[in-house]
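In: Could you work out the structure for the sequence below:
(one chain, ligands or ions: 1)
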Amino acid sequence: MSVSISNLKNAAPFAAFAMFFGVFGGSLFLSSTLTAQTTVPASVVTLLPGHGSAFINPLAGTQEDGFVDLFNGKNLDGWEQKNGTATYEVVDGTILGRTAKGSPNSFLCTEKEYDDFELVFEVKVDKGLNSGVQIRSLSKPDYKEGRVHGPQVEIEWDPGESGYIYSEGTKRGWVSPKRTQKNVLKNEGWNKYRVLADGPRIQTWINGTCVEDIEMPAIESTKGFIGLQVHGIKKNAGPFQVQWKNIRIREISGDERRKMKAFRGTPKVDGKIDDLWVGVPRVLTSRSIDEVDELSEDQKASTAWVRCLWDEGHLYCLAEVTDDAISSAAGDEWDRDGVEFFVDRNFARTSTYDDDDAQYRTEPDGNESSGSENDLSTYKSAVTKTENGYIVEVCIDLKGEVGKKIGFDVQVNNDPGDGRRMSAMKWNDASNDTYFDMSNAGTLEMVEGN
Ligand code: BGC
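Out: Next comes the predicted model:
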């Protein structure tokens, strides 16, 4: 699956809208005559004049780990109800949602919008009630009269599809293509959810188990509110309730340095995903190099899921690239389809290349190249074609040991077919400088692994 560049752009910084939010006050008024179109203002928003990203919400204590509380445990300041007549009230430091007869789906939504973030919360749900948490969601007068829509992380009793992603209110149905894992939600008691939305990559965990890890289709919204759903119920069903607590969020800024882990292992470098690769965490090249961003909205960039292994003498990388039109028409290697790997072996983050720094490139036809100072004898690669692109597996000479960190990045170049690089997607450094400046590469840490 590919992602559209325009979409990635929208997912970038949040500073601009953060400055429009100030002090939340007031309380939530509920009316029994609410309809699907209704928005209930929960608070009076006071605008703080030009404070840039210095967003101050006195109710949300900033904690050292970068998380803030979305729910203050006392009242619903900062939240507003959209659609439906289900009720939301604060009970014993939790938000208690109750179904209402004849109501469509109801949502208690943050007033603030978020694009890239890590969200954690605890939830407890009644048997028979479908629930979920909206992320990056929207409600617009010109879309089904304010119908809440956008990606939803599912919450429901076992058996059920908790933790998978559904496109609420859009008629597109499930975003999660496969929902095969047994429900890890505990029916009785509290469940801990974690949602990591970083660019197009969405990951979810329930009680520590990873449930979903997908690249969001570009059609899904990239920024919007967080919303707590109480589903409508059948005529003679219910009443049911669902409760949330400890709802906390950490916003991720577009230039945050990314980290990944490499597991120990020595794979055969043949472009095939052998067993050793299974279970190694993957990262997505989801940051677009701005200077190369020439795609129109309906064109797709080529991206890769990347994982790494290491042993005493090598770093191994496996990149699964999505590319629907493979081309090697361009004159220069970096203008053709291909994957580039950058290593800063001594992790010095220098802004010019030292002897330990290297840039290596492999194209779908197997052609290898490197930055002028780098020696291709320290690099080996293999390529296989797949249904929707190709796999590049590489071996880079490099001393591996547990706990070692190196600077690392990956770049996927894409020529849609007319002999010009029209997109270049990086894992970490969104500049086009990594081939001479390693100071903004991501961090790779070698761990023992499974
Ligand atoms: C860059 C190109 C550059 C090339 C040099 C690539 O990573 O994206 O713009 O000319 O490296 O090898």
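In: So for V40, what's the pLDDT?
Out: The model reports V40 with a pLDDT of 34.
In: Would you pull up the residue in the protein closest to the ligand?
Out: Y435 (3.6 Å; CB to the nearest ligand atom). Using the backbone N, CA and C atoms, a C-beta is placed for each residue, glycine as well.
In: does that residue really touch S370, like I thought?
Out: No - applying CB atoms under 8 Å, one finds Y435 not in contact with S370, separated by 9.6 Å.
In: list residues touching both of the two?
Out: Common neighbours of Y435 and S370, using CB atoms under 8 Å, 6 or more residues apart in numbering, are Q359.
In: on that earlier part again, any idea which element the closest residue to the residue of the chain closest to the ligand other than its chain neighbours lies in?
Out: Sequence neighbours aside, Q359 is the residue nearest to Y435 in space, at 4.9 Å (criterion: CB to CB, 6 or more residues apart in numbering). Taking DSSP states H and E as the criterion, Q359 maps to strand 357-362.
In: Packing partners of that strand?
Out: strand 338-344, strand 368-370, strand 379-386, strand 389-397 (3 or more CB pairs under 8 Å, 6 or more residues apart in numbering; DSSP states H and E).
In: domain ranges for this protein?
Out: 2-23+58-251, 259-447 (automatic domain parsing).
In: What residues does the chain have near the ligand?
Out: 334, 340, 371, 411, 424, 432, 435 (CB under 6 Å from any ligand atom).
In: residue contacts, the third one?
Out: G371 makes contact with 353, 358-359, 435-436, according to CB under 8 Å, 6+ apart.
In: can you rerun that using 7 Å?
Out: By CB atoms under 7 Å, 6 or more residues apart in numbering, the contact list for G371 reads 353, 358-359, 435.
In: now swap in the second one and tell me
Out: Applying CB under 7 Å, 6+ apart, we find E340 in contact with 359-361, 410-411, 413.
In: Output those residues as CSV; include the columns neighbour count, distance to T209 and pLDDT.
Out: Formatted as CSV, the contacts of E340 follow (neighbours: other CB atoms under 10 Å; distance: CB to CB, whole Å; pLDDT from 0 to 100):
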residue, neighbour count, distance to T209, pLDDT
Q359, 23, 37, 97
Y360, 23, 36, 97
R361, 26, 37, 97
V410, 27, 27, 98
Q411, 26, 32, 98
N413, 26, 36, 96
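In: From these, pick the one nearest G163.
Out: Closest approach to G163 among those (CB to CB): V410, at 27.6 Å.
In: Checking my notes, that closest one in a helix, right?
Out: No - remark: V410 does not belong to a helix; assigned using DSSP: H, G, I helix; E, B strand; the rest coil, it is strand.
In: Under the pLDDT cut-off, which ranges of the stretch 151-300 of the chain? List them.
Out: Residue ranges of the stretch 151-300 of the chain with pLDDT under 70: 293-298.
In: those strands in it, which residues are they?
Out: Assignment of strands within the stretch 151-300 of the chain using DSSP state E, counting those that start in this stretch yields the ranges 165-168, 173-174, 191-198, 201-206, 209-215, 225-230, 241-251, 259-264, 283-284, 287-288.
In: first vs last residue of stretch 154-170, how far apart are they?
Out: 15 Å (CA to CA, to the nearest Å).
In: And it, what's buried?
Out: By 16 or more other CB atoms under 10 Å, the buried positions in stretch 154-170 come out as 154-157, 160-170.
In: repeat for stretch 142-151
Out: 144, 146-151.
In: quick one on the thing from earlier: top of the contacts of G371 by neighbour count?
Out: A358 (25 neighbours; other CB atoms under 10 Å).
In: pLDDT score assigned to that one?
Out: The model's pLDDT for A358 equals 96.
In: Same question for the one 5 residues further on.
Out: Predicted confidence (pLDDT) for E363: 98.
In: sorry, back to before: is it possible to export the strands of the stretch 151-300 of the chain to JSON lines including distance to V120?
Out: Listed next are the strands of the stretch 151-300 of the chain as JSON lines, based on distance: least, CB to CB, whole Å:
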{"stretch": "strand 165-168", "distance to V120": "17"}
{"stretch": "strand 173-174", "distance to V120": "23"}
{"stretch": "strand 191-198", "distance to V120": "5"}
{"stretch": "strand 201-206", "distance to V120": "9"}
{"stretch": "strand 209-215", "distance to V120": "14"}
{"stretch": "strand 225-230", "distance to V120": "12"}
{"stretch": "strand 241-251", "distance to V120": "5"}
{"stretch": "strand 259-264", "distance to V120": "18"}
{"stretch": "strand 283-284", "distance to V120": "21"}
{"stretch": "strand 287-288", "distance to V120": "24"}
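In: Which of those strands sits closest to L398?
Out: strand 259-264 (10.3 Å).
In: Give me the distance from that closest one to the chain's centre.
Out: Strand 259-264 sits 18 Å away from the centroid of its parent chain (CA atoms, centre = their mean, to the nearest Å).
In: and that strand, which residues are buried?
Out: 260-264.
In: In stretch 311-325, which of the residues would be classed as buried?
Out: Buried residues in stretch 311-325 (16+ other CB under 10 Å): 311, 314-323.
In: Now do it, average pLDDT.
Out: pLDDT averaged over stretch 311-325 gives 96.
In: Could you do stretch 389-402 as well?
Out: 98.
In: Show residues contacting it.
Out: 269-271, 310-323, 326, 339, 341, 343, 345, 360, 362, 364, 378-384, 446-448.
In: give me that answer again for 6 Å
Out: 269, 271, 310-312, 314-323, 339, 343, 345, 362, 364, 378-384, 446, 448 (CB atoms under 6 Å, 6 or more residues apart in numbering).
In: for stretch 170-183, same thing?
Out: 149, 158-162, 164-167, 211-212.
In: pretty sure L276 is touching G265, no?
Out: Yes - the pair L276 / G265 is scored as a contact, 4.5 Å apart, by CB atoms under 6 Å.
In: related to what we said a few turns ago, out of the buried residues of stretch 142-151, which are inside strands?
Out: Applying DSSP state E to the buried residues of stretch 142-151, the entries found in strands are 150-151.
In: Distance check, the residue nearest to E168 when sequence neighbours are not counted against C317.
Out: Nearest residue to E168, sequence neighbours excluded (CB to CB, 6+ apart): Q152, at 4.3 Å. According to CB to CB, to the nearest Å, Q152 stands 34 Å off from C317.
In: same question, N367
Out: The value you get for N367 to C317, if CB to CB is used, is 17 Å.
In: what does F225 give?
Out: From F225 to C317 the distance is 37 Å (CB to CB).
In: How about E122: which residues does it bridge to?
Out: Beta bridges link E122 to K192, K245 when assigned by DSSP bridges.
In: Give the full set of residues in contact with it.
Out: The neighbours of E122, taking CB under 6 Å, 6+ apart as the test, are 190, 192, 245-246.
In: which of those residues are buried?
Out: 245-246.
In: from the contacts of E122, which single one is nearest S288?
Out: Distances from S288 to these, taken by CB to CB, are shortest for K192, at 33.2 Å.
In: Let me know whether that closest one touches N207 as I believe.
Out: Yes - contact status for K192 versus N207: in contact at 5.4 Å, counting by CB under 6 Å.
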